[in-house]
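Trainee: Generate a structure from the sequence data that follows.
(chains A and B)
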2 protein chains.
Amino acid sequence: MTSVALVAVGDELLLGDQLNGNGVTLGRALAGEGFSVVGHFVVGDDIGHISRAVRDAAARADVVIVCGGLGPTQDDLTREGLAEAAGVSLERDESLEAALRERFAARAGAAGVTVPAMNMRQANLPAGALPLANEVGTAPGVLILVNTRPVYALPGVPRELDAMVTAVVLPDLRARFPERPVVVQQTIRTVGLWESAVAEALAPEVDRTAGNPRIAFLASGGETRVVVTATGADTAAATALVDTTIGVARTALGSAVYDAASLEAEVVRLLGAAGATVACAESLTAGLLCGRLANVPGASDVLRGGMVAYATSLKSKFFGINRLRLFDQGAVSPETASAMARGVAEECGSTYGVALTGVAGPSPQEGNPPGTVYGAVHGPSGVASQLFTLPGDRAQVRALAVTSALAMLRVALLHDARPRRRR
Amino acid sequence: MTSVALVAVGDELLLGDQLNGNGVTLGRALAGEGFSVVGHFVVGDDIGHISRAVRDAAARADVVIVCGGLGPTQDDLTREGLAEAAGVSLERDESLEAALRERFAARAGAAGVTVPAMNMRQANLPAGALPLANEVGTAPGVLILVNTRPVYALPGVPRELDAMVTAVVLPDLRARFPERPVVVQQTIRTVGLWESAVAEALAPEVDRTAGNPRIAFLASGGETRVVVTATGADTAAATALVDTTIGVARTALGSAVYDAASLEAEVVRLLGAAGATVACAESLTAGLLCGRLANVPGASDVLRGGMVAYATSLKSKFFGINRLRLFDQGAVSPETASAMARGVAEECGSTYGVALTGVAGPSPQEGNPPGTVYGAVHGPSGVASQLFTLPGDRAQVRALAVTSALAMLRVALLHDARPRRRR
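Mentor: Down below sits the predicted model:
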């Protein structure tokens, strides 16, 4: 199997200032294409360390991918490190220089603007290297041979790295290494089950498959994804392995499984299928629920809007809750959540109203500890509320509350979509 | 400076199934104690790869810390890798065996319970190695010398790793290396400047300080942090170095610098100082602006609430914008943004109203391309609107819009807080 070694450059990674998310992006992309990632070196912003890591990586793997250190500042030293690793000098590339000038001119809205000297460093390349187009940022990538191995250097900004992996690196690797095992990967998403419950339900299948397909469980924010990855001599063989395991998983996990790319996309899809619309009433999440629904392109077909009543007095004003009743039942209560869901649907003229009220922390509120959250969904079948007791700090409680509300809305939509029995 | 190299073991890290959070924990803990982390190797569950990484690490640094691969299953191979790296055999440790039996007996609630053969592997140690107590899990750590360097192997489970770093590794390292420099770090945050502009403003200081203090620039979401890290013989010396550079940076960057832990915290602080409140009117961001303000603990003192008018018809209903005028000026216009800011402040009874309307993409709207965003702030000095042309995909446009609106509000608050001249 063609091997790849990764080199990540940046003091911030060694000092613990930043998680190495690019390692996840690259690992997943390469594994999905039938490459074997055999090692990952993280080094600081130091020419000697970069060049040594690149040489070591090129001694160990067929391909090297370097990320980070291509920016314009003094501590961006990957170009210099690559030159040292390849034993060549750094030279100004005229096409890169022209492209940089053009980009700066466009940004300034005028031709002939001066490019700061620091940014001009991005027009330098090790002798014999090829610049790689970066369509979403100013830092061009670099392709150079070290020890006859192709070394791709990519910017560390995740958005730019993602774009270049897809547009430049993977196509080039596919062309260089056509003989790869076929890898087929499929993900199913679940909501409403703990990661351990998902893993337990699939434990017999993990034993049976013994690594092919590989079954991985990725939990985040109250959802668990099951990633099934098979390798085979051809697509049909790998697909058959994946399909069998996915079938077993669907049966084992039942209605916890959904098919869209995200929970919010699944909810938007279900709303669209029902010809329904939604509006959100929020307190502790203060707009994050509504904002997450709007992540989905085309959400405007089903999302009317929302109201955030962070101050308690706005809860009565916005949702028509009697002030005395609000005082009696408390802002953090199933009654208030239900009234918010009903009120926002009326105000926004939507089929469904979803509400969240609760305590994000760090302090308790009205005697309720942080993590106490009530969700409510108002819709054609009436209104339902639910208590969630959510773990974690303020940010986690708010994120889990959003996921919990979306899960409630999904259940209501699935319920309302069922064919009704004649009475 | 005493150098440390890290080795993380686990296929899941190479395959992109998991973020390497232990790297952040270790990097931060070691940097804060005056150690220099010079490299971080990530390898898969393979004895040869582990032993090679450990030997390479021990050749490069004074101390090596390995994490992961100490569990009971077949793919936990760090013990074997350490033995190979040290050129010794693996032996059963009687004290570990007794401890394991005891732990299993306690778990089963009965003495003399059988320890599964797989778990008994956790009682193996490379010859000459010292077991390290793990108070929160079953996987003991290992201390062994490779190339005369101390190599600490710790479990990969974050909770267990965290506990052992604090209880075992740091105390032992402090005792072994009493002569460490003191490290002092300070961060200043800026908004409204490109990363390259921040770096350029501080280029002379980067040259002058020549690495101590180290000056790092971390850009994300339209903001740039400047992290200044100095080492010195004592706290006073290191602090003096940091203070000087921070002073230079403040002068060079002027009003772009703010002091709170985040831009939203700075805005909440300024609102609190002014005795003012705020409400948000949102379209493309659909609640993310309001939600971000509520990230700040104590935001309820200044944040009244917000209204999301995702559907155009709600823009007239919520903010009292005449429907014909809305049709004429367009939903994405400075007039609409201004009317939204004024309207939400009135509806929510707040001192300030902040509004965002624009095109998140992927499709254009009313002839405006994605990234066209109008922000507006309504306050005691009247209303101001601003056009932002934001780069990136739907998610990035929305995130940058939120930052842009917070930056506008900050400028308005700073302006309104200035002592007024007598006319």
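
Trainee: Which residue is it, in the stretch 151-300 of chain A, that comes closest to chain B?
Mentor: Chain B sits closest to A:G287 of the stretch 151-300 of chain A, with a gap of 2.5 Å, by Cβ to the nearest Cβ. For the C-beta atoms, the positions are set from N, CA and C on the backbone; glycine is no exception.

Trainee: Once you drop chain neighbours, what's closest to that residue?
Mentor: Once flanking residues are discounted, A:G287 sits nearest to B:G287: 2.5 Å by Cβ to Cβ, 6 or more residues apart in numbering or on different chains.

Trainee: wait, what's in contact with the residue of the stretch 151-300 of chain A closest to chain B?
Mentor: Counting by Cβ atoms under 8 Å, 6 or more residues apart in numbering or on different chains, A:G287 makes contact with A:306, A:308, B:280, B:282, B:286-291, B:294, B:306, B:308.

Trainee: Of those residues, which is the nearest to B:P419?
Mentor: Of all those, B:C280 has the smallest distance to B:P419: 28.2 Å, by Cβ to Cβ.

Trainee: partners of that closest one in the sheet?
Mentor: Counting by DSSP bridges, B:C280 forms beta bridges with B:G306, B:V354.

Trainee: hang on, isn't it packed against B:L289?
Mentor: Yes: the pair B:C280 / B:L289 is scored as a contact, 4.8 Å apart, by Cβ atoms under 8 Å.

Trainee: Would you enumerate the residues in contact with the residue nearest to A:G44 when sequence neighbours are not counted?
Mentor: Spatial nearest neighbour of A:G44, excluding adjacent residues (Cβ to Cβ, 6+ apart): A:D11 at 4.5 Å. The contact partners of A:D11, taken as Cβ under 8 Å, 6+ apart, are A:D17, A:G44, A:D45, A:D75, B:R214, B:A216.

Trainee: burial count for the third one?
Mentor: One way to gauge burial is a neighbour count; for A:D45, by other Cβ atoms under 10 Å in any protein chain shown, it gives 23.

Trainee: Any chance of JSON lines for the contacts of A:D11, columns secondary structure, distance to B:V182 and pLDDT?
Mentor: Formatted as JSON lines, those follow (DSSP: H, G, I helix; E, B strand; the rest coil; distance: Cβ to Cβ, whole Å; pLDDT from 0 to 100):
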{"residue": "A:D17", "secondary structure": "coil", "distance to B:V182": "19", "pLDDT": "76"}
{"residue": "A:G44", "secondary structure": "coil", "distance to B:V182": "20", "pLDDT": "94"}
{"residue": "A:D45", "secondary structure": "coil", "distance to B:V182": "22", "pLDDT": "93"}
{"residue": "A:D75", "secondary structure": "coil", "distance to B:V182": "22", "pLDDT": "84"}
{"residue": "B:R214", "secondary structure": "strand", "distance to B:V182": "14", "pLDDT": "87"}
{"residue": "B:A216", "secondary structure": "strand", "distance to B:V182": "19", "pLDDT": "83"}
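
Trainee: and A:L100, backbone torsions?
Mentor: Dihedral angles of A:L100 (phi, psi; degrees, to the nearest 10) stand at phi -60, psi -50.

Trainee: Pretty sure A:V115 is one of the things it touches, is it not?
Mentor: Yes: using Cβ under 8 Å, A:L100 is in contact with A:V115, at 5.5 Å.

Trainee: my guess is A:A5 is in a strand, correct?
Mentor: Yes: the assignment for A:A5, made by DSSP: H, G, I helix; E, B strand; the rest coil, places it in a strand.

Trainee: and it, how many neighbours does it have?
Mentor: Number of residues near A:A5 (other Cβ under 10 Å) recorded here: 26.

Trainee: Over to A:H49?
Mentor: Neighbour count of A:H49, defined by other Cβ under 10 Å: 21.

Trainee: Could you find the closest non-adjacent residue to it?
Mentor: Nearest non-adjacent residue to A:H49, counting by Cβ to Cβ, 6+ apart: A:V43, 4.2 Å away.

Trainee: same check, this time on A:L6
Mentor: The shortest distance from A:L6 to any non-neighbouring residue, by Cβ to Cβ, 6+ apart, is to A:H40 (4.3 Å).

Trainee: Please give the element, helix or strand, for the one you found.
Mentor: Per DSSP states H and E, A:H40 falls inside strand A:36-43.

Trainee: Whether the lengthiest helix in chain A contacts chain B - can you check?
Mentor: Longest helix of chain A, by residue count under DSSP state H: helix A:394-417. Yes: using Cβ under 8 Å from any Cβ of the partner chain, helix A:394-417 comes into contact with chain B via A:R394, A:A395, A:R398.

Trainee: Tell me the secondary structure at the residue nearest to the second one when sequence neighbours are not counted.
Mentor: By that I understand A:A395. Nearest non-adjacent residue to A:A395, counting by Cβ to Cβ, 6+ apart: B:N295, 6.8 Å away. When classified by three-state DSSP, B:N295 comes out as coil.

Trainee: what's the distance between the closest residue to A:H415 other than its chain neighbours and B:L202?
Mentor: Once flanking residues are discounted, A:H415 sits nearest to A:S381: 6.7 Å by Cβ to Cβ, 6+ apart. Separation of A:S381 from B:L202 (Cβ to Cβ, to the nearest Å) stands at 60 Å.

Trainee: just the strands in the stretch 151-300 of chain A please.
Mentor: Assigned by DSSP state E, counting those that start in this stretch, the strands in the stretch 151-300 of chain A fall at A:182-191, A:214-220, A:223-232, A:257-258, A:278-282.

Trainee: Could you list the low-confidence segments of the stretch 1-150 of chain A?
Mentor: Counting by pLDDT under 70, the ranges of the stretch 1-150 of chain A that qualify are A:107-113.
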